[in-house]
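K.L.:
after the sequence you'll find the predicted model.
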Amino acid sequence: MCRMQARWSVSRAPYWLALVAGITTVSLPGCGGAPAPVSNETAAAPTKAKPAKTKSSESDDAEPSNPNVRVDADGRKWIGDIPWDVFFDDPLAVVANNTPVGGAPAAGTASMTPMESPFPETPASPSPSAAGGAVDWKSLVTMEQIADEAKRIRNHLTSSLQSQGSYNGNYKDLAVDGAVVSALAAVAGLHPGDISWKANSRFLREYGLQLNGAAVGLGRENYSASQTAAENIEAVLNGNLPGNAGDPPAARPFAEVASRAGLMNRMEKASEWMRANINAESVFNKELEQIRQESAILGLFAKIISDKTYDSTEEEDYVRPAGLLVAAAHEAVVSTEEKSYAKFQDAMNQIKKACDECHLSYRN
């Protein structure tokens, strides 16, 4: 994926592909373990990139410094609510680089110019949508994969909320966990499959949203609120319902309950883990189950952040690469079923190119 400077207007509707773009830069722990999510801050809707200015026009019509750039208490630089360090400084140079993953041949790219799209007009793999526009959730993720992701988050909540100190070191990751829990619960309520807590998925969705909103900074107040939300999540996953659960609606728009920035972070980690660790066919064959899990989560969340309730989802430059990302993640899943390392390499290259294409349109 690419890193680049992006222009974002500040809002509570987080944006997806910018953070997936950072997958080539961070290494994760060794094979076999599911990646821990990275920090989550709500991302705003992107604004389309402006045409590049010539040197002669820059002196006459220079833009003021970006008012959305800020530095947090930890000294980390942000553009709106997106971390500065996930973007490449030169996106055009990055997208021009057609070096494939793991040494796979880059078929059909020799004559491609940097601005030429490497994709067909329509994704090659079948669209995971049912008739009438309803999402066919079972084609994107199984209930077993949802359960595995929920188990990963449960373990992370336990280790990260042992004390205020452990919370302070993990609160951004906990906010990501909240977004992921909300998204998983919302999908579980719509999925035709079954899971032990499906009947209470609407409550789990709300507790995930509470965690995402609680883990927003250091201090005892945020720690206590996050701990309460996590305890409620644990209760629902165990088949219990807290006495003050209330009566939340059966369904809510994804944009209201699933932070796009949080989902972007989890998507980034899924792609990052595969790119950093699955670098040989022997490793691929040993990690088929984990690759299938990470690919399914990547494709699921790419589909969710394409939901029309999020900002920018009416723009072709957003919708097109989002659809290509869903298709590429599906191909990665298929590669594990067919045990084809070559197909996996191609899928990873397409995932990266989808992000590059998006960020040529949404950049500073």
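P.N.:
Okay, I see it. Residues are numbered from 1 along each chain as shown.
K.L.:
could you chop this protein up by domain?
P.N.:
Per the record, the chain has its domains at 17-48+66-109+262-361, 134-255, by automatic domain parsing.
K.L.:
could you pull out the helices for the stretch 201-350 of the chain?
P.N.:
With helices called from DSSP state H, counting those that start in this stretch, the stretch 201-350 of the chain shows them at 201-214, 220-237, 254-257, 260-277, 281-286, 288-304, 316-338, 341-361.
K.L.:
out of those, indicate the one that is most buried.
P.N.:
Highest mean neighbour count among the helices of the stretch 201-350 of the chain (mean count of other C-beta atoms under 10 Å): helix 260-277, with a mean of 27. To be clear about C-beta, it is placed using only N, CA and C from the backbone, and glycine gets the same treatment.
K.L.:
tell me what that one is packed against?
P.N.:
The contact analysis (3 or more C-beta pairs under 8 Å, 6 or more residues apart in numbering; DSSP states H and E) places helix 260-277 against helix 17-20, helix 171-190, helix 288-304, helix 341-361.
K.L.:
got the contact list for stretch 170-178?
P.N.:
Residues outside stretch 170-178 that contact it (C-beta atoms under 8 Å, 6 or more residues apart in numbering): 36-41, 153, 156-157, 160-161, 167, 208-218, 222-223, 226, 229-230, 259, 262, 265-266.
K.L.:
which stretches of the protein have low pLDDT?
P.N.:
For the chain, the stretches with pLDDT under 70 are 1-69, 73-133, 362-364.
K.L.:
circling back to that earlier point, between the helices of the stretch 201-350 of the chain, which gets nearest to residue 248?
P.N.:
Of all those, helix 201-214 sits nearest to residue 248, with 4.8 Å by C-beta to C-beta.
K.L.:
what angle do the closest one and helix 220-237 make?
P.N.:
Orientation of helix 201-214 against helix 220-237 (axes from the mean of the first three to the mean of the last three C-alpha atoms, to 10 degrees) gives an angle of 160 degrees.
K.L.:
my read: residue 186 touches residue 258, true?
P.N.:
Yes - using C-beta atoms under 8 Å, residue 186 makes contact with residue 258 at a distance of 6.4 Å.
K.L.:
more crowded one of these two?
P.N.:
For residue 186 versus residue 258, neighbours defined as other C-beta atoms under 10 Å are more numerous around residue 258 (31 against 25).
K.L.:
how near is that one to residue 329?
P.N.:
According to C-beta to C-beta, to the nearest Å, residue 258 and residue 329 sit 17 Å apart.
K.L.:
next one: residue 338
P.N.:
15 Å.
K.L.:
burial measure for residue 241, as a count.
P.N.:
Residues within reach of residue 241, counting by other C-beta under 10 Å, total 15.
K.L.:
got phi/psi on it?
P.N.:
Main-chain torsions, residue 241, degrees, to the nearest 10: phi -130, psi 120.
K.L.:
now residue 258
P.N.:
Note on residue 258: backbone dihedrals following degrees, to the nearest 10 are phi -120, psi 100.
K.L.:
residue contacts, it?
P.N.:
Applying C-beta under 8 Å, 6+ apart, the residues near residue 258 are 179, 182, 183, 186, 304.
K.L.:
swap in residue 246?
P.N.:
By C-beta under 8 Å, 6+ apart, residue 246 lies in contact with residue 206.
K.L.:
change it to 10 Å
P.N.:
Applying C-beta atoms under 10 Å, 6 or more residues apart in numbering, we find residue 246 in contact with 203, 206.
K.L.:
how much space separates it from residue 232?
P.N.:
11 Å.
K.L.:
what residues are up against residue 285?
P.N.:
278, 291, 336, 339, 341.
K.L.:
can you pick out the most distant pair from those?
P.N.:
Within the contacts of residue 285, 278 and 339 form the most distant pair, 12.9 Å apart (C-beta to C-beta).
K.L.:
now do the shared contacts for those two.
P.N.:
When contacts are counted by C-beta under 10 Å, 6+ apart, residue 278 and residue 339 have 284, 285, 288 as shared neighbours.
K.L.:
and these, which is closest to residue 317?
P.N.:
residue 284 (32.7 Å).
K.L.:
nearest residue to the closest one other than its sequence neighbours?
P.N.:
Leaving aside its sequence neighbours, residue 284 sits nearest to residue 341 (C-beta to C-beta, 6 or more residues apart in numbering; 4.6 Å).
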